[in-house]
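J.: Fold the following and give me the result.
(chains A and B)
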2 protein chains.
Amino acid sequence: MSQDNRRVLALAGGVGGAKLALGLSAVLPADALTVAVNTADDFEHLGLSISPDLDTVMYTLSGLANPETGWGRRDESWNAMAALEQLGGETWFRLGDKDLATHIERTRRLRAGETLSAVTRDLAQRLGIKCAVVPMTDSPVRTVVTADQGDLAFQDWFVRLRCEPAVRRIRFAGADKARANPALLDMVKLRGVVFCPSNPFVSVAPILAIPGVRMTLQQTRVPRVAVTPIVGGQAIKGPAAKMLAELGHDVSALGVARYYKGLIDGFVLDQADASLKAEIEGLGIKVHVADTMMHTDNDKRRLAAATLEFVDALARSLQHS
Amino acid sequence: MSQDNRRVLALAGGVGGAKLALGLSAVLPADALTVAVNTADDFEHLGLSISPDLDTVMYTLSGLANPETGWGRRDESWNAMAALEQLGGETWFRLGDKDLATHIERTRRLRAGETLSAVTRDLAQRLGIKCAVVPMTDSPVRTVVTADQGDLAFQDWFVRLRCEPAVRRIRFAGADKARANPALLDMVKLRGVVFCPSNPFVSVAPILAIPGVRMTLQQTRVPRVAVTPIVGGQAIKGPAAKMLAELGHDVSALGVARYYKGLIDGFVLDQADASLKAEIEGLGIKVHVADTMMHTDNDKRRLAAATLEFVDALARSLQHS
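T.: Numbers count the residues shown, from 1 in each chain, chains lettered A, B, ... in the order given. Sure, this is the predicted structure:
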């Protein structure tokens, strides 16, 4: 039975999530993929509404992403930032000239009363993106990192303080009052749910924190697969490993699998961590071992295809269980 | 008696005003010049607070102005505009990448509750400007052009419609409730007032429309000199000649002198219009004939010096009258 006409829901944060989303978009028909993106990193800066993860996903899917930084646009110029520096403005959060246009246009339209999902749909379409990219919610949700010195807004901790303060606790202000994007609550005719290799604590957890999302994922019979963001005890990018340690988890793919227990049927483990397979399976989670490193576009397609095969295999075994 | 320690107040709009302001700043000590700038062209665009005349004056005084366009910064790049176009944003008002920084920083600070004069003072200082640059007011004043098709916001008429609709009437919304910058009302210890060669109807008139300014200028014994913005029946730049015609004035330096009657003691007439000298003097206005074309920085200094000499000569004759 072909599953190809049914939709895949991918949960994504920034760089890692965007890479797998690009792979999925390359191997799936345009109408068979919805990427639901974390917006708890969003913030207001320089009077602009900035959505870092949405932008990373959009730029990656449209081929505009800067492959070196993991954020912002390729072939970018920095003349506005240089001029802002001369004027004494805040330049710790680097906004390229082309990237600025995204923030200016989004901010203008949000202020005019449009929803973030409507603006995102239009921007994605303008950038030539065929699949659906949706913010996890149109409501404001903001990650707050509690460190020893007190609460820090996420970008303060992440960019300005370079993730240095040890993390004691993470919360998502506004999540309890947020309304999830409908794509996150509708499991009907879904081929599978893919937890992209994004930071579990600050990219995927905010999505799960929106009322209804966690329960919907817990209760669905649709196969749910997470792709590991941790390889050999290291995060591919970003502070996931540091957070695992500081929040008292095992700093490994096993720690991530435990964190997702009850929410996933399958876990894509990197070949470097194959020794963890039995322990993860001991959690009642099926494991598929693969090369999860996504250096090239071909790597992304290959991992996406392997993940979908795993999803479909899980669907068959779930039907038989 | 030396007048050099006393302040000159220059009234300026965009390009022409900025050029003479630069000349004045070159021949005067830093603390002896205040440039009061029209803000009725200001508008909100793309969510940004844009002050075209303040920027033209600041960029000109700091050597950053684009000499070819008369607006914006030199050595500018346009990557944000190109990206905005791709996103379907409004691009009829061209904002360069470096220029954007000015608008972003000003907007952020205005939203944070700072006054336009405080923001302008800091921006000017950051750009290395030594003399005082002040907005005519911190209150919102907006030029409205009445054309056959109805009322048009100034930048709509000026930039988007390229000054094409015939002008029936001009008003300055908000001017009646605006509070003038103190520099416009304080004639004490002033060496002179210079009406820069800016558009009389949309650059100088808004300044005069703020409560108290016209009367202060009418009543002062400080010499007041206008430098012609019209040479040979043509505006050096912009729609001044077209406006003179459409508003029923003589399309000449004489038309401008008549418009300023009662507000000025002296008029700097271009040598090409020397034949108008007697008629302007017939209005009770002294005339100084000069080369008013400001192609080079040396031209600007020369015209500024000639204007100041004329101011001082008028001061002597006013003392004797």
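J.: residues in contact with the closest residue to chain B within the stretch 201-321 of chain A?
T.: Nearest residue of the stretch 201-321 of chain A to chain B, counting by C-beta to the nearest C-beta: residue A:297, 21.9 Å away. Where C-beta positions appear, they are placed from N, C-alpha and C, glycine not excepted. By C-beta atoms under 8 Å, 6 or more residues apart in numbering or on different chains, the contact set of residue A:297 is A:22-23, A:26.
J.: Could you list which of those belong to helices?
T.: Of the contacts of residue A:297, the ones assigned to helices by DSSP state H are A:22-23, A:26.
J.: if I look at residue A:64, how far off is chain B?
T.: Here residue A:64 is placed at a distance of 9 Å from chain B (C-beta to the nearest C-beta, to the nearest Å).
J.: What is the burial count for that residue?
T.: Close neighbours of residue A:64, defined as other C-beta atoms under 10 Å in any protein chain shown, add up to 21.
J.: what's the closest non-adjacent residue to it?
T.: residue A:73 (5.1 Å; C-beta to C-beta, 6 or more residues apart in numbering or on different chains).
J.: Residue A:171 now?
T.: Nearest to residue A:171 is residue A:144, by C-beta to C-beta, 6+ apart, at 5.2 Å.
J.: again with residue A:217
T.: Closest residue to residue A:217 apart from its sequence neighbours, by C-beta to C-beta, 6+ apart: residue A:263 at 5.2 Å.
J.: Give the full set of residues in contact with the one you found.
T.: By C-beta under 8 Å, 6+ apart, residue A:263 lies in contact with A:195, A:208, A:214, A:217-218, A:224, A:226.
J.: Likewise for residue A:192?
T.: For residue A:192, the contacting residues are A:8-9, A:222-225, A:308, A:311-312, A:314-315, by C-beta under 8 Å, 6+ apart.
J.: Chain B contacts on chain A?
T.: A:46-48, A:73, A:76-77, A:79-84, A:86-89, A:96-102, A:104-105, A:107-108, A:111, A:122-123, A:126-127 (C-beta under 8 Å from any C-beta of the partner chain).
J.: let's go with 7 Å and repeat that
T.: Chain A comes close to chain B at residues A:46-47, A:77, A:79-80, A:83-84, A:86-89, A:97-98, A:100-102, A:104-105, A:107-108, A:111, A:122-123, A:126, as judged by C-beta under 7 Å from any C-beta of the partner chain.
J.: Identify the bridge partners of the residue nearest to residue A:171.
T.: Note on residue A:144: beta-bridge partners residue A:153, residue A:171, judged by DSSP bridges.
J.: doesn't residue A:151 make contact with it?
T.: Yes. Here residue A:144 lies in contact with residue A:151, judged by C-beta atoms under 7 Å, at a distance of 5.2 Å.
J.: between the two, who's got more neighbours?
T.: Using other C-beta under 10 Å, the more surrounded residue of residue A:144 and residue A:151 is residue A:144, with 17 against 14.
J.: Could you check how far that one is from residue A:244?
T.: According to C-beta to C-beta, to the nearest Å, residue A:144 stands 19 Å off from residue A:244.
J.: same thing with residue A:176?
T.: 25 Å.
J.: Buried residues, the longest helix along chain A. List them.
T.: Criterion DSSP H: the longest helix present in chain A is helix A:297-320. Across helix A:297-320, burial judged by 16 or more other C-beta atoms under 10 Å in any protein chain shown covers A:300-308, A:310-312, A:314-315.
J.: possible to save these as JSON lines with pLDDT?
T.: Formatted as JSON lines, the buried residues of helix A:297-320 follow (pLDDT from 0 to 100):
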{"residue": "A:300", "pLDDT": "97"}
{"residue": "A:301", "pLDDT": "98"}
{"residue": "A:302", "pLDDT": "98"}
{"residue": "A:303", "pLDDT": "98"}
{"residue": "A:304", "pLDDT": "98"}
{"residue": "A:305", "pLDDT": "98"}
{"residue": "A:306", "pLDDT": "98"}
{"residue": "A:307", "pLDDT": "98"}
{"residue": "A:308", "pLDDT": "98"}
{"residue": "A:310", "pLDDT": "98"}
{"residue": "A:311", "pLDDT": "98"}
{"residue": "A:312", "pLDDT": "97"}
{"residue": "A:314", "pLDDT": "97"}
{"residue": "A:315", "pLDDT": "94"}
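J.: Could you find which two of those residues are furthest from each other?
T.: Across the buried residues of helix A:297-320, no pair lies farther apart than A:300 and A:315, at 22.5 Å, counting by C-beta to C-beta.
J.: count of neighbours near residue A:289?
T.: With other C-beta under 10 Å as criterion, residue A:289 counts 16.
J.: immediately after the worst-scoring helix or strand of chain A on mean pLDDT, which helix or strand?
T.: Counting by mean pLDDT, DSSP states H and E, the weakest-scoring helix or strand in chain A turns out to be strand A:234-235, with a mean of 86. Going down the chain from strand A:234-235, the next helix or strand is helix A:240-246, by DSSP states H and E.
J.: And that next one, how far out from the chain middle?
T.: Relative to its chain's centre, helix A:240-246 lies at 17 Å (C-alpha atoms, centre = their mean, to the nearest Å).
J.: I would like the residues contacting it, please.
T.: By C-beta atoms under 7 Å, 6 or more residues apart in numbering or on different chains, the residues outside helix A:240-246 that reach it are A:163, A:166-167, A:199-201, A:229-230, A:233-235, A:250-251, A:255.
J.: Summarise which helices and strands the next helix-or-strand element following it is packed against.
T.: Sequence order places helix A:253-259 as the next helix or strand after helix A:240-246, per DSSP H and E. Packing partners of helix A:253-259 (3 or more C-beta pairs under 7 Å, 6 or more residues apart in numbering or on different chains; DSSP states H and E): strand A:266-270, helix A:277-281.
J.: Can I get those in CSV including distance to residue A:134, mean neighbour count and mean pLDDT?
T.: As requested, these are exported to CSV (distance: least, C-beta to C-beta, whole Å; neighbours: other C-beta atoms under 10 Å in any protein chain shown; pLDDT from 0 to 100):
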stretch, distance to residue A:134, mean neighbour count, mean pLDDT
strand A:266-270, 23, 26, 98
helix A:277-281, 30, 16, 98
